[in-house]
Every structure is written in structure tokens, then in C-alpha cells.
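Student: coordinates only, sequence not included:
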Ligand SMILES: [Zn+2]
């Protein structure tokens, strides 16, 4: 859902949303690492074979397998951390044309209100979220979902 964020509360609201996202990332991060590592290890017989040949020495197969699993988990852990960092640094709010009379945003950027079809000049900033924690924070600030073109076809 798109939630309109008035300029006067933007800074405080954004801080809380970023804190909430950080909490979510802390929970999601180990899950991503476990699932992605498990998937890669399950799918990578060929990689393991190359690994095996490359390190062919006096070591037993168990050591190699442990090394392979550890290397995969390490690579996945670093890649996931980088990805979450990229996600958490991108801007939180998007700007759209806005109809204050209908509380509707011009999501498809056609320049018209999706409800009353008035042509729009006013712009506003919106948070897009699907997370309950963030929707709860918005409610505490007295903010709710704005209508948007795709969810509210014209002539309705
Ligand atoms: Zn309107």
C-alpha cells in the first residue's frame, strides 16, 4: 500500500521506518543465508567437483566437504549482507502527483486523479509498504493508505 507522508513529520517517520526495517533485516538475514546456502550446496555438484580437483591433496573428502560448505556459506553471507545494505540505503519515499480531495495518487503518471480525473499539479511523498510493522507505525502517526490508479479504476 502507498501511505502519504506529510513533509512536517517526514524526518521522524523515516527514522522509525528505517529502525523497523533494520529489525526486519536482522530477522530475515540468517534465514536468507541458510536457505540460499542450502540451495547452492544442493545444486552445486559440479562446483564441488572442481573444488575437489583444485584442492586435491592429502586431505580427506570430509575436510573438503566442510571447506566447500564453509566457503559457500561465507560467500552467501557476504553477498546477502551487501544486498541488504543496498536495500536499506535506497530512498524510502517516492514522489507522485496527488489529489488531496480524493486522497489519491497518480501511480501510473498520467497526470490525472484516478478518482475524479482532475488534472493534477500537487505532488506528495509516499511510502510503499506491505509490512505490518510499518503499517502500525503509520497508524500511530495517523497515516493510512492512499488510493491509487491501479487499485481504483477511473469511472467508478
Ligand atoms: Zn481526485
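Tutor: Looks like it arrived, so ask away. From a predicted model like this one, the values you see are computed outputs, not experimental measurements.

Student: And the helices in the protein, which stretches?
Tutor: For the chain, the helices defined by DSSP state H occupy 10-43, 45-54, 61-89, 132-140.

Student: mind giving me TSV with those and columns for mean pLDDT and distance to residue 125?
Tutor: Using the backbone N, CA and C atoms, a C-beta is placed for each residue, glycine as well. Converted to TSV, the helices of the chain look like this (pLDDT from 0 to 100; distance: least, C-beta to C-beta, whole Å):
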stretch	mean pLDDT	distance to residue 125
helix 10-43	92	7
helix 45-54	74	45
helix 61-89	88	18
helix 132-140	96	13
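
Student: check contacts around the spatially most central residue of the chain.
Tutor: Geometric centre of the chain, nearest residue: residue 87, 6.0 Å, by C-alpha atoms, centre = their mean. Residues near residue 87 by C-beta atoms under 8 Å, 6 or more residues apart in numbering: residue 25.

Student: and what of residue 29?
Tutor: 80, 81, 84.

Student: Leaving out sequence neighbours, find the closest residue to the second one.
Tutor: Looking back up the chat, that one is residue 81. The shortest distance from residue 81 to any non-neighbouring residue, by C-beta to C-beta, 6 or more residues apart in numbering, is to residue 29 (7.3 Å).

Student: residues from this protein in reach of the ion?
Tutor: Taking C-beta under 5 Å from the ion as the contact definition, the chain meets the ion at 99, 101, 102, 113, 115, 116.

Student: Recalculate using a threshold of 8 Å.
Tutor: Taking C-beta under 8 Å from the ion, the part of the chain that reaches the ion is made up of 99, 101, 102, 104, 113, 114, 115, 116, 117, 118, 120.

Student: what bridges to the first one?
Tutor: On DSSP bridges, the residues paired with residue 99 through beta bridges are residue 104.

Student: what about it, neighbour count?
Tutor: Residue 99 has 22 neighbouring residues, counting by other C-beta atoms under 10 Å.

Student: Do I have it right that it meets residue 119?
Tutor: No - counting by C-beta atoms under 8 Å, residue 99 sits too far from residue 119 to count as a contact (9.7 Å).

Student: so what sits against both of the two?
Tutor: Residues touching both residue 99 and residue 119 by C-beta under 8 Å, 6+ apart: residue 113.

Student: circling back: of the residues of the chain next to the ion, which qualify as buried by neighbour count?
Tutor: 99, 102, 104, 113, 114, 115, 120 (16 or more other C-beta atoms under 10 Å).
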